[in-house]
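**Student:** Got a predicted structure plus its sequence, pasted below:
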Amino acid sequence: MVESGKKTQIVVVGGGAAGLELATRLGAHFGREKFDIILVEKNRTHIWKPLLHEVAAGSLDANLDEVGYRSHCHRWGYRYFYGQLEGIDRDSRHVLIAPIRDEDGREIMGRHRIRYDYLVVAVGSVSNDFGTKGVAEHCLFLDSRVQADRFRAQLLNHCLRVSRTLQNDPDADATVRVDIVGGGATGVELAAELFNAAAALRHYGLEVFDESRLKVTLIEAGPRILPMLPENLADAARAELETLGVRVLTGTPVVEANAQGMVTASGELIGADLKVWAAGVKAPEILKDIGGLETGRGNQLVVRPTLQTTRDDRIFAIGDCCQCVCPGETRPVPPRAQAAHQMAATCFANIRAMIAGRPLKDFHYHDHGSLVSLSRFSTVGSLMGNLVGGRMAIEGRLARFVYLSLYRMHLIAIHGWLKGLALIAVGHVNQIVRPRLKLH
Ligand SMILES: Cc1cc2nc3c(=O)[nH]c(=O)nc-3n(C[C@H](O)[C@H](O)[C@H](O)COP(=O)(O)OP(=O)(O)OC[C@H]3O[C@@H](n4cnc5c(N)ncnc54)[C@H](O)[C@@H]3O)c2cc1C
């Protein structure tokens, strides 16, 4: 049991884009004297999720960008508890943490209970396979660093196999085939990043391998890719992908994944060495009916505009795992990094208000637009500009700059201005001095 006398305990579960920003602000604001801010997280390090497709392709070394929770909490005045949420006891106000096991399954620490005065659930989302046959067994996902690393290891093995085959027989029909299901930002960005990585491989010992050996098929059930972007920008992204060599299929639902590849509704088998599922997200299964709280579509905790759960004022939910409809809107806030960032700020203000006995404010989502990075080849997107009074399409360097600024804002939110700016500068230096690919 994690207790600390009469201190007010604020527990944040999930140290991702939303939860880590919130725990940082709570720790910095409330300090350790009268408050105990506890972050419960099932991983030991944090990597900003929108970087995962770059980690998967090898164009980003996650070791350089990840944040260790232990050192971070020491700096920012919160406590980090390594563990996985498995339940909420609302009567006694405790969160239940599953037993912690080592890699061999041996129990290191038994089941735990952590008392809370205020609880924030920020456990994010996982890929949704919509129950499609064979997907869980045969596909890779990009939900975590471990999964991105697994993808990269398998990709490199296949590139090595093709490279060896070509060394022995330069005319061999040897390729690495990758099927990506889902034409949203994750699928599109991964497809482009793979070509960036493949082009760099020949500089690192795979001399006979080049991007023409990469066969990527992007499969989308809907009528077009990137539905969140205006049609002309989505068309531009599609044209860019096709120029790279990506086969883009739209209006093509996948009904099964098997060891050979993806089976479409028309019965076609699209063969693949690597299969990636990136066709939508849902909140983790554990949230379903957790603590008797109201859950909506895809296990999301339903919250009021104040981000408090509908059945418990002391429990907030933020980020991908909550279903929030803002005042005057009909559709829920989308599962996006910018929404997570904004919700962390509102939740912080509302917890302060609640403690001070002031009224809470409603969350209003400010959609600053959507940007999709086609690796070094292009960036496309649209900005919702107050200045331009509507949606403004942007491409190229400006779009790349705005795309990167979302991550920079996250860095500043979790490290403060000084260290955040220093890390941004270090990132630029690393681009020059470090290898272009992570090869192990
Ligand atoms: C490849 C990829 C690219 C993306 N690109 C973009 C983009 O360009 N722009 C954009 O706006 N959004 C993008 N997104 C979406 C964005 O990453 C998410 O919307 C954002 O990370 C949500 O933040 P979050 O804090 O809710 O969840 P997360 O950042 O996922 O954090 C959730 C945290 O909770 C922890 N956790 C989960 N379950 C438990 C548990 N039971 N107990 C304890 N801890 C737990 C996880 O380990 C994780 O650290 C992308 C996502 C992916 C996968």
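**Tutor:** Nice, I can see it.
**Student:** list the contacts for the most centrally placed residue in the chain?
**Tutor:** Central residue of the chain (CA atoms, centre = their mean): residue 49, 3.0 Å from the mean position. By CB atoms under 8 Å, 6 or more residues apart in numbering, the residues touching residue 49 are 16-17, 124, 337. Yep, even glycine has a C-beta here, placed from its N, CA and C like the rest.
**Student:** And it, how far from residue 405?
**Tutor:** 17 Å (CB to CB, to the nearest Å).
**Student:** what's the answer for residue 431, then?
**Tutor:** The gap separating residue 431 from residue 405 is 16 Å, by CB to CB.
**Student:** How about the stretch 301-440 of the chain: which residue is closest to the ligand?
**Tutor:** Nearest residue of the stretch 301-440 of the chain to the ligand (CB to the nearest ligand atom) works out as residue 319 at 2.1 Å.
**Student:** wait, the stretch 1-150 of the chain
**Tutor:** Closest approach between the stretch 1-150 of the chain and the ligand, counting by CB to the nearest ligand atom: residue 16, at 1.7 Å.
**Student:** Please enumerate the strands of the stretch 201-350 of the chain.
**Tutor:** 214-219, 247-249, 254-257, 261-264, 269-271, 274-277, 281-282, 301-303, 308-309, 312-317, 322-324 (DSSP state E, counting those that start in this stretch).
**Student:** List the contacts of the fifth one.
**Tutor:** Outside strand 269-271, the residues within contact range by CB under 8 Å, 6+ apart are 177, 179, 217, 219, 249, 260-264.
**Student:** partner strands of that strand, parallel or antiparallel?
**Tutor:** Sheet pairing here is set by DSSP bridges, and for strand 269-271 it gives strand 261-264 (antiparallel).
**Student:** Could I have the CA atoms of the partner strand written out in CSV?
**Tutor:** What follows is strand 261-264, C-alpha atoms only, in CSV (Å, rounded to 0.1, in the frame of the first residue of the first chain):
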residue,chain,number,x,y,z
GLY,A,261,-0.4,-11.7,-46.0
MET,A,262,-3.7,-9.8,-46.0
VAL,A,263,-6.9,-11.1,-47.5
THR,A,264,-9.3,-8.5,-48.8
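**Student:** quick one: contacts of stretch 127-139?
**Tutor:** With contact meaning CB under 8 Å, 6+ apart, stretch 127-139 is reached by 141-143, 181, 254-259, 275-282, 298.
**Student:** which parts of the strand or helix carrying residue 18 are buried?
**Tutor:** For residue 18, the element it lies in under DSSP states H and E is helix 17-30. By neighbour count on 16 or more other CB atoms under 10 Å, the buried set for helix 17-30 is 17-27, 30.
**Student:** Could you do stretch 42-55 as well?
**Tutor:** 42-43, 45-55.
**Student:** Is that stretch positioned near the ligand?
**Tutor:** Yes - using CB under 6 Å from any ligand atom, stretch 42-55 comes into contact with the ligand via 42-43, 49-50, 52-53.
**Student:** swap in stretch 227-238?
**Tutor:** No - under the criterion of CB under 6 Å from any ligand atom, stretch 227-238 makes no contact with the ligand; the nearest approach is 9.8 Å.
**Student:** CA atoms only: put that stretch into CSV for me.
**Tutor:** Extracted C-alpha coordinates of stretch 227-238, given in CSV (Å, rounded to 0.1, in the frame of the first residue of the first chain):
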residue,chain,number,x,y,z
PRO,A,227,-9.7,11.4,-44.2
MET,A,228,-8.9,14.2,-41.6
LEU,A,229,-7.2,16.3,-44.4
PRO,A,230,-9.0,18.2,-47.2
GLU,A,231,-9.3,16.0,-50.3
ASN,A,232,-6.7,18.0,-52.3
LEU,A,233,-4.0,17.5,-49.7
ALA,A,234,-4.8,13.8,-49.3
ASP,A,235,-4.5,13.4,-53.1
ALA,A,236,-1.2,15.2,-53.0
ALA,A,237,0.0,12.8,-50.2
ARG,A,238,-1.2,9.8,-52.2
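**Student:** Show the contacting residues for the spatially closest residue to residue 179 that is not a sequence neighbour.
**Tutor:** Using CB to CB, 6 or more residues apart in numbering and skipping the chain neighbours, the partner closest in space to residue 179 is residue 272 (3.8 Å). Shown in contact with residue 272 (CB under 8 Å, 6+ apart): 177-179, 217, 260-262.
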